[in-house]
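In: When you get a sec, could you give me coordinates for this:
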Amino acid sequence: METIQIRTGRREEMADITPAVRRLIKENGWSDGILLLYCPHTTGAITVNEGADPDVVRDITINMNKLVPLNGDYLHAEGNSDAHIKSSMFGCEQMLIVEAGDIQLGTWQKIYFCEFDGPRSRKIWAKFI
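Out: Here you go, the predicted structure:
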């Protein structure tokens, strides 16, 4: 297992980790298989979505906040219940195809680490199968 380190700069952001994932694949000489990316944080997530138009990330973030607002009917004492809910909605893992030493993504797709309770130092575990 390998680890990708991330430092987020805002409470909520979608950080493009595609270059870091590609670098990890290349550095380890992984060729053909499956790459599991896993987020071991309860207020973070991993997703794949459009990376060509930054308005998509903005739209996702703005509308997730409408669906799950920071200040809602929450009992959790830490004040980050919205982050836990958003993490569960997105999910903590992605399984990606690796072929000929590269991740197979659609033309517009990027891999994002979703921060919902930052800024923080985060990690993503990567397991090549």
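In: CA only for contacts and neighbour counts going forward, please
Out: Noted.
In: Which strand or helix spans the residue nearest to Ile46 when sequence neighbours are not counted?
Out: Leaving aside its sequence neighbours, Ile46 sits nearest to Phe113 (C-alpha to C-alpha, 6 or more residues apart in numbering; 4.7 Å). Under the criterion of DSSP states H and E, Phe113 resides in strand 109-115.
In: Looks like Ile103 contacts Arg22 (just checking).
Out: Yes - between Ile103 and Arg22 there is a contact at 6.9 Å, judged by C-alpha atoms under 8 Å.
In: higher neighbour count, those two?
Out: The neighbour count for Ile103 versus Arg22, taken as other C-alpha atoms under 10 Å, is higher for Ile103 (19 against 14).
In: Quickly list what the more buried one is bridged to.
Out: Using DSSP bridges, the beta-bridge partners of Ile103 come out as Val98.
In: Now do the contacts for it.
Out: Arg22, Leu96, Ile97 (C-alpha atoms under 8 Å, 6 or more residues apart in numbering).
In: what pairs with the helix or strand hosting Leu35, and is each one parallel or antiparallel?
Out: In the assignment (DSSP H and E), Leu35 maps to strand 33-38. Here strand 33-38 is paired, per DSSP bridges, with strand 93-99 (antiparallel), strand 121-128 (antiparallel).
In: Need the residues that contact stretch 34-45.
Out: With C-alpha under 8 Å, 6+ apart, stretch 34-45 has contacts from 46, 83-88, 90-98, 113-117, 122-129.
In: Alpha carbons only: can I get that stretch in PDB?
Out: Presented in PDB, the C-alpha positions along stretch 34-45 are these (Å, rounded to 0.1, in the frame of the first residue of the first chain):
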ATOM      1  CA  ILE A  34      -7.000  -2.100 -10.500                       C
ATOM      2  CA  LEU A  35      -6.100   0.800  -8.300                       C
ATOM      3  CA  LEU A  36      -8.200   1.200  -5.100                       C
ATOM      4  CA  LEU A  37      -8.000   4.700  -3.700                       C
ATOM      5  CA  TYR A  38      -9.300   5.000  -0.100                       C
ATOM      6  CA  CYS A  39      -9.900   8.000   2.200                       C
ATOM      7  CA  PRO A  40      -9.400   7.100   5.900                       C
ATOM      8  CA  HIS A  41     -11.000  10.300   7.100                       C
ATOM      9  CA  THR A  42     -14.700  10.600   8.200                       C
ATOM     10  CA  THR A  43     -15.000  14.100   6.800                       C
ATOM     11  CA  GLY A  44     -13.400  13.600   3.400                       C
ATOM     12  CA  ALA A  45     -14.200  11.700   0.300                       C
END
